[in-house]
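Student: need coordinates for the following:
(4 chains)
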There are 2 protein chains.
Amino acid sequence: MCLLYRVHFISDPTKQRVIEAARKLGYVPNLSARQLRNREDHRRITLALLWPMDTRASTIVRFLNGIQEYIITEEEMEIELLIEPYGEVGIQSVKGLEVPNRFNGAILAHTTKADEQLMDGFSPSVPIVQFHRYSSKYSYVNANNFQAGEKVAEHFIQNRHERIAILYPEVSSEALEQRLAGIVGRLEKDLQTEYIQKTCTFTENGGYQAVRELIRDAYHPTALICISDHVAMGALSALHDHGISVPDQCEVMGFDNQEFSKFTIPKLSTVHLPVEKMAKRATQILVKSILNPMCPVTQEVFDLEIIHRSTTKQGI
Amino acid sequence: MCLLYRVHFISDPTKQRVIEAARKLGYVPNLSARQLRNREDHRRITLALLWPMDTRASTIVRFLNGIQEYIITEEEMEIELLIEPYGEVGIQSVKGLEVPNRFNGAILAHTTKADEQLMDGFSPSVPIVQFHRYSSKYSYVNANNFQAGEKVAEHFIQNRHERIAILYPEVSSEALEQRLAGIVGRLEKDLQTEYIQKTCTFTENGGYQAVRELIRDAYHPTALICISDHVAMGALSALHDHGISVPDQCEVMGFDNQEFSKFTIPKLSTVHLPVEKMAKRATQILVKSILNPMCPVTQEVFDLEIIHRSTTKQGI
DNA sequence: CTGTTAGCGCCTTCAG
DNA sequence: CTGAAGGCGCTAACAG
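Tutor: Numbers count the residues shown, from 1 in each chain, chains lettered A, B, ... in the order given. Below you'll find the model as predicted:
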């Protein structure tokens, strides 16, 4: 019992009555007032993590791991992390961007096009760092997804593939579109290589179904570029079910380098995305901007590398 | 710029000087004061999610998904979610449990034995709901892991296995220990069945290495019980690398029913853990306790069912 | 146009 | 033992 928790001089029955009344009125102690009163939060700041709670949520674990390292080591400030999982409505539902009293700063992750337009239009009341996307206006930490896409395409061109299928999600983000653009851009330059784009949901099941449909339609890809490891895992499963051997009959490439992708069968070749490092950096930049409102916009891009494991063939 | 953001009558150079001074002093606006002043937070409560940022973090995504559904539909209150990822120090590092001004209530997930002892000892300043563990003192939402362990063991006894290996993690939680206890308890009742316990880290790599070591030591299991799907995935990978066919030469069972386990090769049989439902329920109970401090302790246990896919054999 | 102040809700302290 | 009041930091409103 926290209400009345140090009031000794009130008799128990009276306490009961007060508590009962409080319950009826729906009274909840006001945290802001308590914090203000106790003023032990002088060096505390609250960061918000605006993350879409759709299928792209899985990297949030890696993000949190990356961020935590920073939070713990940061001694100057005490950092509090607010999760704002927003749904399909988009970022507009997050109140704290308009009002400056919810959090001191925010990291926006995987925003959609609509979100981005919204963000361009108005000026948020607190510093913002965009995660995994470019921005002309705000600080960001991004990865060179376009170049990574080119590298992946390059690999498959080298291996002289006849039929390349690109599995990419309908609900997209800039990062994923950049990957696609990089892949397609490079493939287009090479006239010998044929490819098709196949949309799917951004899940294992999406990859599975997409491959099934391709095969049903008598399209037998010799290479599969999956826009995420999750999709790739589903694709591997479907290829296996159809008796197509990887990488002999079909090479497969993923994106992200999730923990599990070392343990698929065969072990998945993928593009390493340094989520943890990016998260740490994004948090650093945000905290700096909060402490120094005049801090210039900081924009960083991480280079990405292909990790060849067992679903691709090298040096043929 | 949020500082001075509506003060129009101050000249720009002066603004600059003020901001510069603020920066030098390390001034950060006090959110509590702002919130208090603007009092539009009458019906807002803050929930904390105390989650260990170790390898058990992966279910946090499912948890967040489950919780979000509730948060959005709950109209009476505006619910804010604070993540307190605590490290190896344990729960003691979370200040808000002692002081009643950080959050209105907390969900403790995957606490360790040390944490549990600590919690038994003192009375937290806010309502608590334990997630995925029993408690004599607090509300909890748990799953019947013991019974699930028994069911799994029962299956393998039915299939008359000669060598069963149980892979379970060193850093454990009550839930995992219950699984183990259920498995071992049931196996012990059957004198014909031999089994061994093998510890491993709680990751895909842990499962992979454990199986490698077993085989190196000339122990060829005919059944593998993995205490989580992640471990199972690693185990499957290792079995594949050693040319051991699943389920013919070795059956494999996981726990949790993570999204990916439908897409391993072969498709993983596992025990479904309804994380989303449990998360939603835990949040409901917590909110109720916050709104009604006299609310009695609520304790709920979900039953678990085996999902047979392709890594086990049924009806032989 | 500029400076002052009241009061948000809470809890500690001090006065009666 | 009980009751009243001050002040945490902020900003809208008001007074000069």
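Student: all contacts plus neighbour counts: C-alpha atoms, from now on.
Tutor: Will do.
Student: which SS state does residue A:219 fall under?
Tutor: Of the three states, residue A:219 takes coil according to DSSP: H, G, I helix; E, B strand; the rest coil.
Student: count of neighbours near it?
Tutor: Under the neighbour criterion other CA atoms under 10 Å in any protein chain shown, residue A:219 is assigned a count of 15.
Student: now it: phi and psi?
Tutor: Dihedral angles of residue A:219 (phi, psi; degrees, to the nearest 10) stand at phi -100, psi 110.
Student: in the stretch 151-300 of chain A, which spans are helices?
Tutor: Under the criterion DSSP state H, counting those that start in this stretch, the stretch 151-300 of chain A contains helices at A:174-189, A:204-216, A:229-241, A:275-291.
Student: quick one, phi/psi of residue A:30?
Tutor: In this entry, residue A:30 is assigned phi and psi values of phi -90, psi 110 (degrees, to the nearest 10).
Student: tell me the pLDDT at it?
Tutor: At residue A:30 the predicted local distance difference test score is 87.
Student: buried deepest among the helices of the stretch 151-300 of chain A, which one?
Tutor: The highest average neighbour count among these, using mean count of other CA atoms under 10 Å in any protein chain shown, belongs to helix A:229-241 at a mean of 25.
Student: what kind of secondary structure is the residue of chain A found nearest DNA strand D in?
Tutor: With CA to the nearest atom of the strand, the shortest gap between chain A and DNA strand D falls at residue A:37, namely 3.2 Å. Of the three states, residue A:37 takes helix according to three-state DSSP.
Student: what about residue A:60, neighbour count?
Tutor: 22.
Student: SS state for the closest residue in space to it that isn't next to it in sequence?
Tutor: Nearest in space to residue A:60, with sequence neighbours left out and distances taken as CA to CA, 6 or more residues apart in numbering or on different chains, is residue B:61 at 7.3 Å. Following three-state DSSP, we place residue B:61 in the helix state.
Student: buried ones in stretch A:105-116?
Tutor: In terms of neighbour count (16 or more other CA atoms under 10 Å in any protein chain shown), stretch A:105-116 has its buried residues at A:105-112, A:115-116.
Student: between which two of the residues you listed is the distance greatest?
Tutor: Spatial extent of these (CA to CA) is set by the pair A:105 and A:112 at 19.5 Å.
Student: quick revisit: ok, the residue nearest to residue A:60 - contacts?
Tutor: Taking CA atoms under 8 Å, 6 or more residues apart in numbering or on different chains as the contact definition, residue B:61 lies against A:57-58, A:60-61.
Student: would the one helix or strand residue A:18 maps to count as contacting DNA strand D?
Tutor: Counting by DSSP states H and E, the secondary-structure element that holds residue A:18 is helix A:12-25. No: looking at helix A:12-25 against DNA strand D by CA under 7 Å from any atom of the strand, there are no contacts, and the closest approach is 10.7 Å.
Student: so is that helix next to DNA strand C?
Tutor: No: residues of helix A:12-25 are not located near DNA strand C by CA under 7 Å from any atom of the strand, the shortest gap being 10.4 Å.
Student: how about the CA coordinates for that helix, as PDB?
Tutor: Taking only C-alpha atoms (Å, rounded to 0.1, in the frame of the first residue of the first chain), the coordinates of helix A:12-25 have been written out as PDB:
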ATOM      1  CA  ASP A  12      -7.000   1.400  10.500                       C
ATOM      2  CA  PRO A  13     -10.700   1.700   9.900                       C
ATOM      3  CA  THR A  14     -10.300   5.300   8.800                       C
ATOM      4  CA  LYS A  15      -7.500   4.200   6.500                       C
ATOM      5  CA  GLN A  16      -9.800   1.600   5.000                       C
ATOM      6  CA  ARG A  17     -12.500   4.200   4.400                       C
ATOM      7  CA  VAL A  18     -10.100   6.600   2.800                       C
ATOM      8  CA  ILE A  19      -8.700   3.900   0.500                       C
ATOM      9  CA  GLU A  20     -12.200   2.800  -0.400                       C
ATOM     10  CA  ALA A  21     -13.100   6.300  -1.300                       C
ATOM     11  CA  ALA A  22     -10.000   6.700  -3.300                       C
ATOM     12  CA  ARG A  23     -10.800   3.500  -5.200                       C
ATOM     13  CA  LYS A  24     -14.300   4.700  -6.000                       C
ATOM     14  CA  LEU A  25     -13.000   8.000  -7.300                       C
END
